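Novice: When you get a sec, could you give me coordinates for this:
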Amino acid sequence: MRKRLVSILRGTFLVSGDAPKNWAFIVFISGLATIMIASSHAADKKVHQLAALNEEVKELRSEFVEIRSQAQRLKLESTIRESVKEAGLLPAETPPNKIIVTPEE
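Specialist: Residues are numbered from 1 along each chain as shown. Have a look, this model is predicted:
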């Protein structure tokens, strides 16, 4: 056991008679590690994109609510009265009369 550990620490397993088998395994492990690191970075990138999109959705939702409340305020009768008062229009003092039309025979 100790000889194997010393062999690994000194690197003699890389130049011994079984070296091509060891090198192939090392290249395989290195390839797997590279793929794992690349997929991890891709996943982190997606997470950051999702976070940015969620922030944008929150901002757009608050902007929508603000604009909707402004539109509701503009639809109020008091707001309309003030805006048409500047044009010289006033609300009628007497209510409208209902006109009933009867067909002639």
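Novice: Beyond the strand or helix carrying Arg4, next helix or strand please.
Specialist: Assigned by DSSP states H and E, Arg4 belongs to helix 2-10. Downstream of helix 2-10, the first helix or strand assigned by DSSP H and E is helix 19-75.
Novice: okay, now Ile80: neighbour count?
Specialist: Using other Cβ atoms under 10 Å, Ile80 has 13 other residues around it. For glycine as for every other residue, the C-beta is placed from the backbone atoms N, C-alpha and C.
Novice: Now the helix or strand hosting it: buried residues?
Specialist: Assigned by DSSP H and E, Ile80 belongs to helix 77-85. Within helix 77-85, no residue counts as buried by 16 or more other Cβ atoms under 10 Å.
Novice: Adjust the sequence numbering to begin at 770 for everything that follows.
Specialist: In the new numbering, first residue 770, that becomes helix 846-854.
Novice: That one vs helix 788-844, what angle?
Specialist: Here helix 846-854 runs at an angle of 70 degrees relative to helix 788-844 (axes from the mean of the first three to the mean of the last three Cα atoms, to 10 degrees).
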